[in-house]
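Q: Give me the fold of what follows.
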Amino acid sequence: MNGIYLRTARIAASVGACLLLGAAGVDAQGPASGIAIDNFDRSVAPQDDFYRFVNGGWLRQIQIPADRSSYGAFVQLDEQGEAAVRALVEAAAAAPDRQAGSDLQKLGDMYLSFMDTLRIEALGLDPLRQPLRQIQTLSSRAELPELFADMRQIGVQTPFSFSVGQDAKQATRYIASISQSGLGLPDRDYYLKQDVRLVEIRTAYRDYVETLFRLAGEADPAGAAGAVIALETVLAQKQWDRARTRDRELTYNQRTVAELDRMTPGFSWSKFLDAADAEKTPAVIVRQPDYVEALNSLVETTPLETWKRYLTYKLLDGYAAALSRPFADARFAFRGHTLQGRQQERPRWALGVSTVEGALGEAVGRLYVEHHFRQRQRPGCSSWSTMWSPPSGRLSTSWSG
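A: Okay, here's the model as predicted:
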């Protein structure tokens with residue numbers, strides 16, 4: 001679901017920039033103040049507590065909604081955008097003449113499928129039968145690179161993340177990057193520290209993993225959960241802490257594919273890259289080299305059955321929110337309530353809008369622009385052009401007004 005916020009932010013930034021451009025010169029009086037003085041608490045001296053002076057009135061009036069873990073001005077803005085997208089998506093779903101292959105058809109069909117809870121309940125675990133079968137037919141460790149690549153294609157977490165993006169030190173090219181991943185809890189500290197709260201979370205996490213296995217028909221759900229958490233704990237022990245991971249120099253380690261294969265003789269990166277359609281990458285940025293080397297040892301020593309259970313859990317966890325009610329409820333109880341502190345799940349329509357926007361963000365953006373841009377604002381926006389120049393590989397932004 002991270003892509004949802006990236007797409008939303010991109011759309012919001014584009015729309016905001018274009019609105020400013022389109023509005024330039026329209027209001028001769030100038031913009032009104034953006035400071036909400038009604039939120040001031042004038043019983044507090046600003047020199048004593050400026051934050052309370054500016055926000056005290058708002059803090060007294062606002063309560064965090066039961067389906068939120070926090071609340072503020074940016075959440076309110078997000079809710080306004082969400083309501084606008086909801087109207088567009090529901091109109092697309094209700095449109096009688098959705099042309100096959102059109103944005104309208106894609107958005108409407110996806111939203112309707114998410115909202116069809118009767119069919120979702122009837123299907124149970126059937127939508128995941130094919131990837132579950134693929135995991136269960138794993139017959140050797142040599143097949144793990146291709147299987148990890150296939151799982152990545154459908155959004156399932158593996159022990160490392162893989163992406164292709166602009167090279168941080170050579171901006172004219174794109175390059176593959178590998179980083180530590182694979183934990184079901186937010187951070188390595190959740191596995192390693194003995195704080196009372198973290199111990200409680202680990203207990204709740206074990207219950208959650210066991211619940212998913214039981215719902216999926218696992219013969220030994222407790223044993224499967226124990227194996228998965230034990231493997232994740234070892235992964236956590238090998239991972240860098242957050243401070244070290246933020247170091248741009250330490251995390252820029254360029255390796256050729258041949259060098260990467262020599263680092264991990266038990267795991268073929270060549271096979272992984274081929275299966276991930278990234279075999280043409282000029283090199284690979286390895287963000288945590290010693291973690292990758294440690295992963296090689298884990299691949300060689302971890303029983304194949306444990307890898308099957310690990311990937312089965314990752315698949316169930318990744319799709320639980322879209323499955324039948326028992327899976328979705330179990331996921332919210334742990335990830336929504338225990339980890340985030342939310343008291344209830346968001347409305348079904350909001351989850352549907354979020355799902356559609358996450359999967360079809362570009363189509364949502366096109367529909368949004370079409371319905372919410374006034375004609376007089378479009379020339380100001382279209383005068384900006386962002387162009388990709390293939391010969392030089394350079395990204396240029398030019399003003400044509």
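Q: now residue 175, what's its secondary structure?
A: With DSSP: H, G, I helix; E, B strand; the rest coil as the basis, the three-state label of residue 175 is strand.
Q: number of nearby residues for the closest residue to it other than its chain neighbours?
A: The shortest distance from residue 175 to any residue other than its chain neighbours is 4.4 Å, reached at residue 167 (C-beta to C-beta, 6 or more residues apart in numbering). All C-beta atoms are positioned from the backbone trio N, CA, C, and that covers glycine. Residue 167: 17 surrounding residues under other C-beta atoms under 10 Å.
Q: Distance check, the spatially closest residue to residue 212 that is not a sequence neighbour against residue 204.
A: Closest residue to residue 212 apart from its sequence neighbours, by C-beta to C-beta, 6+ apart: residue 316 at 4.5 Å. Distance of residue 316 to residue 204, given as C-beta to C-beta, to the nearest Å: 17 Å.
Q: do residue 354 as well
A: Distance, residue 354 to residue 204, using C-beta to C-beta: 24 Å.
Q: So for those two, which residue has more residues nearby?
A: Shown here are residue 354 and residue 204; by other C-beta under 10 Å, residue 354 has more neighbours (19 against 15).
Q: Distance check, that one against residue 75.
A: Residue 354 sits at a distance of 14 Å from residue 75 (criterion: C-beta to C-beta).
Q: And the strands in the stretch 251-400 of the chain?
A: Per DSSP state E, counting those that start in this stretch, the stretch 251-400 of the chain carries strands over the ranges 254-255, 284-286, 384-389, 394-399.
Q: Lowest average pLDDT across those?
A: Looking at those, the lowest mean pLDDT belongs to strand 394-399 (a mean of 35).
Q: what's the burial count for residue 128?
A: For residue 128, using other C-beta under 10 Å, the count is 22.
Q: Next up, the contacts around it.
A: The contact partners of residue 128, by C-beta atoms under 8 Å, 6 or more residues apart in numbering, come to 315-316, 319, 323.
Q: ok, of the residues you listed, which one's closest to residue 229?
A: residue 316 (14.3 Å; C-beta to C-beta).
Q: Which pLDDT value belongs to that closest one?
A: pLDDT at residue 316 comes out at 98.
Q: quick one: it and residue 116, what's the gap?
A: Distance of residue 316 to residue 116, given as C-beta to C-beta: 21 Å.
Q: neighbour count winner among these two?
A: Shown here are residue 316 and residue 116; by other C-beta under 10 Å, residue 316 has more neighbours (24 against 12).
Q: Now do the same contact list for the more buried one.
A: Contacts of residue 316 (C-beta under 8 Å, 6+ apart): 128, 212-213, 215-216, 327.
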